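Q: Sharing a model that was predicted from the sequence below.
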Amino acid sequence: MSGLRIMHVIARDLGHISEWSGKDSAGGKSSLCDYASSLNIARLSSGNPVFNAIWFSPFTETTDKETQSKGEMKQGSLYGIRNHFRLDPDITSGDDGDDRDHLRHFCAQAHGNGIKIFGDLVFNNVPIDHPLAIEEQKMVDGLKNPERVFSPTGKLIGLREEGDKNIRYLKFVYNADTLKPVVDGSLEQEWADVAKINYESPAALNCFIKGENGKPGLWKEVIDWFLDSGFDGWEPMDPTEDFGRPLDGEPNSDLDLEGM
């Protein structure tokens with residue numbers, strides 16, 4: 001899709017979703033859609049192109065971990081998503097089902113006003129307090145003197161007890177010496193609260209991409225959740241060489257960021 005003119009929105013700044021979705025308002029009108037429409041009227045009168053898309057920064061539940069900035073502890077990154085299927089405490093109405101209804105209503109209102117809805121999705125990391133990261137770290141900590149198993153590129157992908165042929169493959173990137181997750185630098189750096197996903201390991205591919213035990217991969221479930229909520233697409237944030245293109249087809253990254 002080309003020609004998108006995007007209004008960027010940080011949902012945390014808007015307050016609880018019940019205050020701007022329009023679901024509980026008179027006539028079901030969304031205050032955010034009304035605001036975008038009012039901006040469009042002003043832009044039309046000045047001869048500027050109108051907005052036809054809203055792009056949300058992440059708004060699902062994020063990490064509880066704090067990072068350090070200039071000597072002060074700050075709230076963790078918006079992109080350290082701990083629960084992809086629950087709205088962040090700064091946004092939620094307090095009920096997951098009601099939140100979903102609000103989100104669907106808002107998207108329907110936007111579409112009725114000719115506005116498409118996009119969002120950021122992160123496929124190359126999760127926060128270090130994500131349940132998957134916590135569970136795996138407990139498993140790693142429970143092993144005594146494990147033998148390291150490396151990929152052909154030299155990346156640690158698994159562990160096994162001495163004398164045991166069973167390899168416990170790892171979903172995340174670990175320091176081979178300390179067996180702690182590799183995060184992006186010190187507390188002073190922006191991404192110090194995330195654990196990188198190790199797509200060279202079959203455990204990560206099965207969990208996040210291919211699926212296992214009759215369930216689809218986590219990212220398929222996340223994408224379906226957003227599409228079912230009414231989103232038109234997403235921008236995969238920082239899809240590094242670790243991520244590659246394991247999903248079928250091209251990444252859904254049609255946003256014309258020059259239009260912002």
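A: Yes, it's here.

Q: going forward, measure contacts and count neighbours with C-alpha atoms only.
A: OK.

Q: contacting residues for the residue of the chain positioned farthest from its centre?
A: Here the centre of the chain is the reference, and by CA atoms, centre = their mean the most remote residue is Gly163, at 39.3 Å. With contact set as CA atoms under 8 Å, 6 or more residues apart in numbering, Gly163 has no partners.

Q: Just to be sure, it is in a helix?
A: No. Counting by DSSP: H, G, I helix; E, B strand; the rest coil, one finds Gly163 to be coil, located in no helix.

Q: Tell me the spacing between it and Lys144.
A: Distance of Gly163 to Lys144, computed by CA to CA, to the nearest Å: 12 Å.

Q: likewise Gly15?
A: For Gly15, the distance to Lys144 - CA to CA - is 48 Å.

Q: try His84
A: Between His84 and Lys144 the distance is 33 Å, computed by CA to CA.

Q: Repeat that for Phe85.
A: For Phe85 relative to Lys144 (CA to CA), the value is 35 Å.

Q: Between His84 and Lys144, which has more neighbouring residues?
A: With neighbours defined as other CA atoms under 10 Å, His84 and Lys144 compare such that His84 has more, 21 against 10.

Q: Looks like that one contacts Leu78 (just checking).
A: No. Taking contacts as CA atoms under 8 Å, His84 lies outside contact range of Leu78: 11.8 Å.

Q: any idea of the pLDDT on the nearest residue to Ile81 once chain neighbours are set aside?
A: The spatially closest residue to Ile81, leaving aside those adjacent along the chain, is Thr62, at 4.3 Å (CA to CA, 6 or more residues apart in numbering). The model reports Thr62 with a pLDDT of 87.

Q: ok, Thr62 touching Arg86?
A: No. The pair Thr62 / Arg86 is not scored as a contact, 9.5 Å apart, by CA under 8 Å.

Q: Looking at the two, which one has more neighbours?
A: Thr62 (25 against 20).

Q: Tell me which stretches of the chain form strands.
A: Assigned by DSSP state E, the chain shows strands spanning 6-9, 53-56, 60-62, 67-69, 72-74, 81-87, 116-122, 125-127, 147-150, 156-160, 168-169, 194-196, 233-237.
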